[in-house]
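Visitor: Sharing a sequence plus its predicted fold:
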Protein chains: 2
Amino acid sequence: MNPNLERLQPYPFEKLRALMSGVTPPAGLDHIPLSIGEPRHPTPAFVTEAVLAHLHGLSSYPLTRGSATLRQAIAGWLERRFGLGEGALDPERQVLPVNGTREALFAFAQAVVDAGRPGAAVLMPNPFYQIYEGAALLAGAEPVYLNCGDDGLPDFDAVPAETWARCQLLYLCSPHNPTGAVVPEATLRKLMALADEHDFIIAADECYSEIYFDEDRPPVGLLEAAARAGRSDFRRCVVFHSLSKRSNAPGLRSGFVAGDAEVLQAFFAYRTYHGCAMPEHHQAASRLAWGDEDHVRQNRAEYRAKFDAVLEILGDVLEVQRPEAGFYLWPRTPGDDAKFARELYRQQNVTVLPGSFLSRTVNGENPGAGRVRMALVAPLDECVDAARRIRSFLEHK
Amino acid sequence: MNPNLERLQPYPFEKLRALMSGVTPPAGLDHIPLSIGEPRHPTPAFVTEAVLAHLHGLSSYPLTRGSATLRQAIAGWLERRFGLGEGALDPERQVLPVNGTREALFAFAQAVVDAGRPGAAVLMPNPFYQIYEGAALLAGAEPVYLNCGDDGLPDFDAVPAETWARCQLLYLCSPHNPTGAVVPEATLRKLMALADEHDFIIAADECYSEIYFDEDRPPVGLLEAAARAGRSDFRRCVVFHSLSKRSNAPGLRSGFVAGDAEVLQAFFAYRTYHGCAMPEHHQAASRLAWGDEDHVRQNRAEYRAKFDAVLEILGDVLEVQRPEAGFYLWPRTPGDDAKFARELYRQQNVTVLPGSFLSRTVNGENPGAGRVRMALVAPLDECVDAARRIRSFLEHK
């Protein structure tokens, strides 16, 4: 067996199950899970209809590279969304469809990390989406956790040169899960300079980029920052996007990677063996989804309403703020986060995810401790109900 | 970059493109590709309808483990098909759905190979499905090619003990692509004993197992041989099956792995990071497909008719025989296989795959050389047309 399997950590939800084991919530209250980051708004009808209209795709092996029309639709979306200008991306060489960002983020590390180089390191924010850590471990590298501060982001200036020197891959998550912070353009520029200096790749997980609150101020993306820094070849930069959150289609398993053509060529070679090609009927629906923004604006409006309502209820009883983007709240808890989560479940049948389950202790500090993650994915009334119960829980503690 | 990417070989179809480059076939003849092993019979309507009826699955993240009902359907199929007896397989621990056998065969090596063990080797037949080799290389192991003889199978008795001692994983392909040979039960027993002795895993790619010619004599499977050898725990045995060929649904990306619970537990841990979960609408259709044999019998009847017709045309001009199973012919060529393929294309606009493109030269011998692979996947009339053209080509050489 691959001995790196032994190095994998339990998932946050395994820890949550263990934490809640033996706890009996009140029978009279429905369970509201704010712990799970699964989009629950309906999939747009035109996406479902496009899948339906292309079910003849069941009879063909899909191509790893995807159809040219899908790649063109993706390149066009990136160009419009991030102000890259028409033709800034070559759909042949700088775009690859993937079966969701999870598989792509994982496979990417397997393809790019050279575990034979001494001190091989993969850097990631802390707290983090656990796939980054597993990807690093299974690629045979050391995961290096960069603690997020109060601004919800790692202090990249504090990373020692020795660590950058060993870095082969830096995972960014922007907007960040769970803190909701967006890595600013100036920081992205600094990171690109560091990537050049120390020869590493930046893998920016931007799967939450379309869930934001001010229609006039969408979060900046890595390719956008690269283009504005004059890196029109997106050297050492790769972004990961998904339709799961943007278009409420997690079951479509559809996303893409885009950026550095040379890196993508190697990743493509890996993927032809990896064997995750997107079925043609899912490609057809994805093409249409990337071409439409109305449903994405509508989606944002629904999240905005939920954040407004929930923050109105919780704003004065919990240390919590509206995130820059994403669909999570990341409040501080009065006292221990795991205890908070367990007691909230016991008294109110609401589950939230302890922040310490999403992070590792580095130098004696666990940056997720003392916070919980709440996903506002349920319908508005359910989110409001949950918020009222949390308020009641806090007031009667 | 992962330096193992450099060790990957060009795909057979890249070599074929290079071989045919600059060759102009006769304008008056339609192109018939016998080179591609993609099923072309129609996907059964009930499979398409099941996908359609479950498109609400687009709104949910699927589980890596798949639904209990899908795993039960798979276990039931294995029990019926391979005479294991009801309840012989535990659907919770001994079955995992996968997104087709390609991704599973590849990921499996990444999960089970310990590249740190000296001489780490993955054994495979030669010629072979190229994913086995890429999986071995990217897992950091040495691919060891076992030349197939005239019977279309490796001579396992000829493998030195020193090689078995280094073996961590043995890929079997039975029925074999391209030779069509089925590994006999006695050989499977010997291999299981060797697996015990040398502590390796047998990964049997059985994706062609349902394409056979005598309804009363289906090919034996590894789990069947294991059960009859008293290995009710299927220790060190894992099989890979797919709906692509059995049910003409390559775009469903649906298959499964089954066998040793301990091995599957480790593979499951890998797969939670690997991130290839089957969409729920594909799971629902797969469940029904594994539960129906009528369409599979019909599928076999169509292949049988094509083999009958083509062998009638070619049997006396080419050294060719009906395979035990699968949808390939694997005739000897008069002279060099690549030259045969190129000239056939030039004169008749029919493409076949040179056998030497599917194999490696070991000890000065290339077991695919002097043969070509012809996939009888096209409709009957097209296969007959191709066979007549090949006959004409051979008669006018």
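Guide: Here it is on my side, so go on.

Visitor: Contacts only, for A:His241.
Guide: A:Leu78, A:Thr101, A:Glu206, A:Cys207, A:Ser209, A:Gly255, A:Phe256, A:Ala258 (Cβ atoms under 8 Å, 6 or more residues apart in numbering or on different chains). Heads up, the C-betas are built off the backbone N, CA and C, glycines and all.

Visitor: The last one looks like it's in a helix, true?
Guide: What it means is A:Ala258. No. With DSSP: H, G, I helix; E, B strand; the rest coil as the criterion, A:Ala258 is assigned strand and is not in a helix.

Visitor: Distance from the helix or strand harbouring A:Gln265 to the middle of the chain?
Guide: Assessed by DSSP states H and E, A:Gln265 sits inside helix A:261-274. Chain-centre distance of helix A:261-274: 22 Å, with Cα atoms, centre = their mean, to the nearest Å.

Visitor: near chain B, which residues of the stretch 151-300 of chain A?
Guide: By the rule Cβ under 8 Å from any Cβ of the partner chain, the part of the stretch 151-300 of chain A lying against chain B is A:244, A:248-253, A:263, A:266, A:269-270, A:272-277, A:279-282.

Visitor: centroid residue for chain A?
Guide: A:Cys207 (4.7 Å; Cα atoms, centre = their mean).

Visitor: For chain A, give the helix that spans the most residues.
Guide: Counting residues, the longest helix in chain A under DSSP state H turns out to be helix A:294-314.

Visitor: what mean pLDDT does it have?
Guide: Per-residue pLDDT over helix A:294-314 has a mean of 98.

Visitor: Give the buried residues for that helix.
Guide: For helix A:294-314, burial by neighbour count (16 or more other Cβ atoms under 10 Å in any protein chain shown) applies to A:295-296, A:299-300, A:302-304, A:306-307, A:309-311, A:313-314.

Visitor: Show me what that helix is packed up against.
Guide: Judged by 3 or more Cβ pairs under 8 Å, 6 or more residues apart in numbering or on different chains; DSSP states H and E, helix A:294-314 is in contact with strand A:328-329, helix A:380-395.

Visitor: hey, which of these is tucked in deepest?
Guide: Counting by mean count of other Cβ atoms under 10 Å in any protein chain shown, strand A:328-329 has the highest mean neighbour count of these, with a mean of 26.

Visitor: what helices or strands is that one leaning on?
Guide: helix A:294-314, strand A:372-375.

Visitor: next SSE after that strand?
Guide: Once strand A:328-329 ends, the next helix or strand along the chain (criterion: DSSP H and E) is helix A:337-348.

Visitor: pretty sure A:Arg246 contacts A:Arg297?
Guide: No. Judged on Cβ atoms under 8 Å, A:Arg246 makes no contact with A:Arg297 at a distance of 10.9 Å.

Visitor: What lies in contact with stretch A:160-170?
Guide: Against stretch A:160-170 from outside (Cβ under 8 Å, 6+ apart): A:108-109, A:112-114, A:117-124, A:136, A:141-142, A:144, A:191, A:194-195, A:197-198, A:200-203.

Visitor: Name the residues of it that are buried.
Guide: Neighbour counts over stretch A:160-170 (16+ other Cβ under 10 Å) mark A:Thr163, A:Trp164, A:Arg166, A:Cys167, A:Gln168, A:Leu169, A:Leu170 as buried.
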